[in-house]
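Q: please work out how this folds:
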Amino acid sequence: MDEHNLKSAIEALIFASEKPITLEQIKKVLEISDNSTINKIIQELIAEYIGQNRGIRIIEVAGGFQMITASAFAPFLKKLFKSRNRDKLSRQALETLAIIAYKQPLTKAEIESLRNVNIDGVMKSLLDKNLIRISGRKKVPGRPYVFGSTREFLEHFGLRSLQDLPKIEDFTALAQEQQAQDIEPITQADLEVENEPKQIA
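A: Numbers count the residues shown, from 1 in each chain. Sure, this is the predicted structure:
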C-alpha cells in the first residue's frame, strides 16, 4: 500500500473506531509491523487537521487515537444536542470517582471514611459504567477489595493517562461546570405558565 492510501486507511480506521484505536490495533488491521511509520502518519494527520482549521481533531487519549470535534465549536454542538438525554454522573458519583482517581487503590471503607457517607449505590453505578474496577485485595485482615480507575475513565474525561489528571480543585470545578451545563435557566415565560390559574375539570 502506498503512503497516500496508507494515510487514508489510517484516517478511516480512527474515524470508524467507537473507542480510541491503538497503534497495535492499526498494525494488526493493516498488516504493518512498523510503529514509527504509523505514528508519523498520525502526527501528520493531527497537524493537517489543526493547520486547516477543520471542525474535527485527532487526539491521543487512553493509549489510543480518537477523532473529536474541535473545542471552538462546542457552543454550537451544545445547541444541537440540547434536547438529548445524556447519562451524566451525579455530584456524589463525581466526588467518589475523584477520590478513587487521585488516591487509588482504595478499599470501599477507605472511600467512605473520606466521604463520610454510604457509597453502595454510587460504587455500583461506577462499576456498571465501567469507570472503576476491582484492582486487587488489600493485605489486611478480611482482605477487602481495592478499587482503581479504568481505561473508560480516561476516555470519559479525555485523558491520555493518570499523569494528565488536573489538580483536585480544577477537577471539582470541571465537575461543577459539567453539572451546570445540564441545567436550563428558567425564563419569564416558564414562570408565567407555572403561575397560570389551574382549571378544575
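
Q: phi and psi next, for the residue nearest the centre of the chain.
A: What sits nearest the mean C-alpha location of the chain, by Cα atoms, centre = their mean, is His156, with 1.0 Å. Per-residue torsions, His156: phi -60, psi -40 (degrees, to the nearest 10).

Q: pull the contacting residues for the closest residue to it other than its chain neighbours.
A: Residue nearest to His156 in three dimensions, not counting chain neighbours: Leu131, with 6.3 Å by Cβ to Cβ, 6 or more residues apart in numbering. Just so you know, the C-beta spots here come from the backbone N, C-alpha and C atoms, and that holds for glycine as well. Leu131 makes contacts with 97, 149-150, 152-153, 156, as judged by Cβ atoms under 8 Å, 6 or more residues apart in numbering.

Q: how does this protein divide into domains?
A: Following automatic domain parsing, one finds the domains of the chain at 3-74, 91-181.

Q: any chance of JSON lines for those domains, columns distance to Leu80?
A: Formatted as JSON lines, the domains of the chain follow (distance: least, Cβ to Cβ, whole Å):
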{"stretch": "domain 3-74", "distance to Leu80": "10"}
{"stretch": "domain 91-181", "distance to Leu80": "14"}
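
Q: mean pLDDT for those domains: which is lowest?
A: Lowest mean pLDDT of the domains of the chain: domain 91-181, a mean of 85.

Q: quick one, helices of this structure?
A: 3-16, 23-30, 35-51, 74-80, 91-103, 108-115, 120-128, 151-157, 168-181, 188-194 (DSSP state H).

Q: dump these to a markdown table, plus distance to Gly64.
A: A markdown table is the format used below for these (distance: least, Cβ to Cβ, whole Å):
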| stretch | distance to Gly64 |
| --- | --- |
| helix 3-16 | 9 |
| helix 23-30 | 7 |
| helix 35-51 | 10 |
| helix 74-80 | 22 |
| helix 91-103 | 19 |
| helix 108-115 | 29 |
| helix 120-128 | 22 |
| helix 151-157 | 9 |
| helix 168-181 | 22 |
| helix 188-194 | 43 |
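
Q: setting the sequence-adjacent residues aside, check what's closest to Ile132.
A: Ile132 sits nearest to Leu126 (Cβ to Cβ, 6+ apart), 4.6 Å away.

Q: the one you found touches Leu97, doesn't it?
A: Yes - Leu126 is within contact range of Leu97, at 6.1 Å (criterion: Cβ atoms under 8 Å).

Q: need the overlap of contacts for the two.
A: Residues touching both Leu126 and Leu97 by Cβ under 8 Å, 6+ apart: Ile132.
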